[in-house]
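Chemist: Below are the sequence and a predicted model for it; my questions follow.
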Amino acid sequence: MKKRFLYQGLVLLFLLIVLFVLYALVFGNIAQAIYLTVLYATVIIFSINAFLLGYHENNEVLKAGSITLFGSGLLNIILSLTTGYISEEYFSILIWSSTWVSLVGSILVTFGMIRQHLNNQVRKNFMSLFEQFNETVYFDINVKDESLNLYFSDAFVKKHKLSYTHLHMRMIDWWKLVCTDDKLRIQEFYDQAKNNIMDEVKFRIRYPEMDDECWVFCKISRSSEYHFLGIAIEVTSIQKLNDMFEKTSKELRDKLIEEQYVLDHTKELIARIDLTGEILYLTPSFTSVYPLTIDEMMGKNISYINELVGIYDHSWVEITVLKSMTSGLSKYEKEGVTRWISWHNEVVYDNLSNPEYIICIGHDVTDLQLLNEKLSYENIHDSLTKLYNRLGLYQWMEQVNMSQTYAVYYLDIESFSTVNEYYGNHVGDQIMIQMASKLSSISSNQVLCARISGDEFVIVSEIEQQEQAREFGRHLVSLLHQSYKVEEISITMDVNVGYAIYPSDASSLSTVLSMANTALVSVKKNRSLRLVRFDTSMNEQLMYQVIMEKDIRDGIEHAEIDVFFQDILDVKHHEVAFIEALARWNHKDLGWISPKTLFEFASKTGLVMDLDLYLVEKAMTQFSSLQHEERFNRSVCNLNVTPPLLLNENLPNRLLELTNRLSINPNRVCIEICESMFVHSEDLYLSQLNTLKSMGFLIAIDDFGNEYSSLSVLDQVPFDILKIDKLFINKIDSLFHKEIMNTLIKVSRSSDKIIIVEGIETELQSEHLLSLGCQYHQGYLYSRPRKLIDN
């Protein structure tokens with residue numbers, strides 16, 4: 001007996017090791033591997049023991065049952081190890097069949113042993129054998145008095161932590177332990193048994209002291225007229241496994257249905273092709289791109305259907321196989337409609353890492369592609385004229401054939417800013433569009449036209465002989481020197497053109513472009529000419545521009561540009577009412593540079609806003625000290641602000657931050673702006689001025705009367721101070737100008753405004769203006785601009 005147990009132990013240990021290794025490799029889950037190893041190793045040992053017992057006792061039923069149980073155990077092991085290699089449907093059928101064969105084998109073993117052993121000692125051996133296999137309950141039923149005896153195996157008692165191994169109870173009490181959902185099925189089973197119809201049943205029951213219900217598989221047999229013998233094997237684990245398989249199968253079926261639905265209704269193009277390009281599967285969305293039905297495309301080569309929509313490059317299939325993955329963008333034409341599809345192609349490999357097929361996923365990016373094309377177009381074209389912009393010009397110059405000869409023309413429109421100021425930007429825009437249309441009429445493969453800034457154009461023309469350059473330039477001048485009609489307004493426009501020739505004047509087109517710009521500057525200086533070609537004498541001017549740009553940057557960075565102040569007197573009360581901050585630059589090599597020249601160069605080089613901010617901050621910093629001096633303790637600091645800085649949306653907050661930091665009351669700071677900005681009201685200018693006013697800053701209209709002043713400006717602009725230009729004061733002796741001055745004084749008094757007169761140089765002018773009621777004077781008579789604080 002000891003040897004038998006030793007052999008069983010060795011066999012069991014061997015099975016445990018082999019099965020555990022196999023399950024661990026297959027499932028990769030230690031807990032699951034332990035569970036399945038113990039379960040099926042126990043089944044095998046039990047079936048071997050049963051067979052040996054049947055063999056020694058010559059019990060054919062016991063041998064048949066043990067063989068059946070052994071075979072079902074082996075089948076379960078094979079099935080569990082081949083889970084991923086059998087289709088879900090066949091696997092579910094096989095697992096169910098195996099379960100029922102196992103249970104039938106167990107029942108055959110049970111009844112074989114019951115028939116063999118009728119006495120109590122044999123019954124004890126029988127229970128001992130069953131306890132090796134599973135948790136079981138042996139029972140006998142007395143039909144006559146409707147009672148039953150229940151004998152629980154040690155394994156069952158241990159698993160459910162019961163304090164008893166035997167129960168005697170009435171059938172009516174046992175019935176209360178059965179799950180309500182299973183009672184009808186058990187009643188039918190019991191009735192059939194009483195009619196000698198042997199069957200089996202599976203149900204749920206919770207015996208006393210059990211926490212949860214357990215599943216049992218029950219089989220009974222009549223032993224006498226009023227007695228039945230039966231056995232109930234707990235199959236909770238098997239039931240859970242079956243439930244898991246059923247749930248998994250349902251989830252897989254549902255998932256397949258959902259995936260198929262998604263594939264049938266997706267807008268994405270999804271295809272599966274073999275390694276040669278033959279189509280194995282397509283989503284219905286392919287019909288929106290290709291002129292064939294799905295059935296017509298199935299089985300065809302992908303290259304065939306691509307050629308139907310104009311795609312003849314088929315190398316991507318072979319490249320995908322070599323690289324495992326490719327992507328690309330394809331353009332499709334179907335019934336006059338263009339579609340852009342972004343493709344991602346990826347090889348799928350089998351278990352042996354051999355390429356099996358290719359999955360192709362296409363996404364319609366037509367809208368995105370059109371947007372990119374639009375953005376690319378807008379990036380290199382001027383939004384108003386649709387001509388190339390500066391970036392478009394430079395890109396063209398990088399791609400041009402440098403072996404040809406080109407004439408480069410730099411063109412600007414004469415007095416275009418005046419048109420904008422007095423007729424409004426909308427009129428200027430319409431003139432610009434009409435001029436651009438004329439330039440577009442001469443554009444070709446040999447002629448490129450670009451608008452590179454407000455009123456400046458560049459035209460590049462391919463020429464054969466240099467003499468053609470001047471002829472083409474004259475043609476440009478005459479083409480654009482026209483009368484342009486906008487809103488019943490007829491305006492005659494002139495253009496200035498400077499030009500240079502590649503490669504005669506320089507070896508790069510960018511340098512030739514700079515030379516043409518330099519020639520344009522020469523045109524503007526010499527008003528008798530409209531067309532000038534660059535010559536080497538202009539290099540000095542070009543070099544001067546480059547040097548000035550650098551020096552202005554250095555002057556700002558190193559604080560070399562100074563702020564001078566000029567007093568504005570209240571001659572009636574003999575005090576300094578205002579001090580105006582003025583830019584002054586003593587260049588290290590060129591000496592004093594006039595403010596006009598300084599700001600012209602700053603505007604050309606894009607430094608005007610940096611320069612303006614620098615001067616504003618420097619002036620306010622110095623005024624923060626001057627405001628405490630007795631002479632200036634009631635003075636207001638006047639700051640000149642250029643249009644670009646005034647349009648900067650951050651200016652009001654920047655000025656307010658400066659006044660707070662420097663402890664200056666905003667009502668002691670006056671912003672001077674040029675009145676010509678508002679001949680035609682600009683909402684943005686007015687919005688900025690209103691914001692500044694709301695913060696407490698004063699607003700002054702500067703240089704009124706200098707050119708084309710309009711009284712309507714006084715009604716539009718929220719000003720506090722009106723500064724009359726020197727040119728107007730020089731004509732004050734005339735009756736006409738005197739009347740205008742009287743009108744301005746009356747307007748200012750009625751609206752509580754201040755008038756400041758600029759450029760007063762004589763006592764006579766001062767006395768005359770004071771007699772008219774104008775008490776605020778500015779000019780060399782009282783004060784020249786001077787430096788009040790060293791850097």
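Modeler: Great, that's in hand. Keep in mind that this is a model prediction, so the values were computed, not measured.
Chemist: quick one: pLDDT of Trp444?
Modeler: Quick fix: residue 444 is Ser, not Trp. pLDDT recorded at Ser444 is 88.
Chemist: what about it, which SS state?
Modeler: coil (DSSP: H, G, I helix; E, B strand; the rest coil).
Chemist: Okay, and the closest residue in space to Val523 that isn't next to it in sequence sits in which element?
Modeler: Excluding the flanking residues, the one nearest Val523 by Cβ to Cβ, 6 or more residues apart in numbering is Asn496, at 4.2 Å. Any C-beta I mention is one placed from the backbone N, CA and C, and that applies to glycine too. Element membership for Asn496 (DSSP states H and E) is strand 495-502.
Chemist: And that strand, what's buried?
Modeler: Residues 495-502 are the ones in strand 495-502 that count as buried (16 or more other Cβ atoms under 10 Å).
Chemist: Could you identify the most distant pair in these?
Modeler: Val495 and Tyr502 (21.7 Å; Cβ to Cβ).
Chemist: give me the number of residues near Phe565?
Modeler: Using other Cβ atoms under 10 Å, Phe565 has 25 other residues around it.
Chemist: quick one: it is in a strand?
Modeler: Yes. Counting by three-state DSSP, one finds Phe565 located in a strand.
Chemist: what residues are up against it?
Modeler: Applying Cβ atoms under 8 Å, 6 or more residues apart in numbering to Phe565 gives the contacts 579-582, 619, 622, 626, 785-788.
Chemist: Strands - which of the residues you listed land there?
Modeler: For these, membership in strands holds for 579-582, with DSSP state E as the criterion.
Chemist: List buried residues within the residues you listed.
Modeler: Counted by 16+ other Cβ under 10 Å, the ones in strands among the contacts of Phe565 give 579-582 as buried.
Chemist: so, if you compare those, which one comes nearest to Leu75?
Modeler: Closest to Leu75, out of all of these and judged by Cβ to Cβ, is Ala581, at 101.5 Å.
Chemist: before we move on, back to that, would you format the buried residues of strand 495-502 as TSV with pLDDT and distance to Leu646 included?
Modeler: Formatted as TSV, those follow (pLDDT from 0 to 100; distance: Cβ to Cβ, whole Å):
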residue	pLDDT	distance to Leu646
Val495	92	29
Asn496	93	28
Val497	94	32
Gly498	93	31
Tyr499	95	36
Ala500	94	36
Ile501	94	41
Tyr502	93	40
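Chemist: pretty sure Gly696 is in a helix, no?
Modeler: No. With three-state DSSP as the criterion, Gly696 is coil rather than part of a helix.
Chemist: Not including adjacent chain positions, what is the nearest residue to it?
Modeler: Pro666 (3.4 Å).
Chemist: Identify the farthest-apart pair in the buried ones among the ones in strands among the contacts of Phe565.
Modeler: Applying Cβ to Cβ across these, the maximum distance is between Ile579 and Leu582, 9.8 Å.
Chemist: which residues do these two both contact?
Modeler: Common neighbours of Ile579 and Leu582 (Cβ under 8 Å, 6+ apart) are 565-566.
Chemist: where along the stretch 551-700 of the chain do the strands fall?
Modeler: 562-570, 575-587, 591-593, 636-640, 669-674, 698-704 (DSSP state E, counting those that start in this stretch).
Chemist: quick one, which of these is nearest to Leu384?
Modeler: strand 669-674 (24.7 Å).
Chemist: relative to strand 562-570, how tilted is the closest one?
Modeler: Interaxial angle of strand 669-674 relative to strand 562-570 (axes from the mean of the first three to the mean of the last three Cα atoms, to 10 degrees): 100 degrees.
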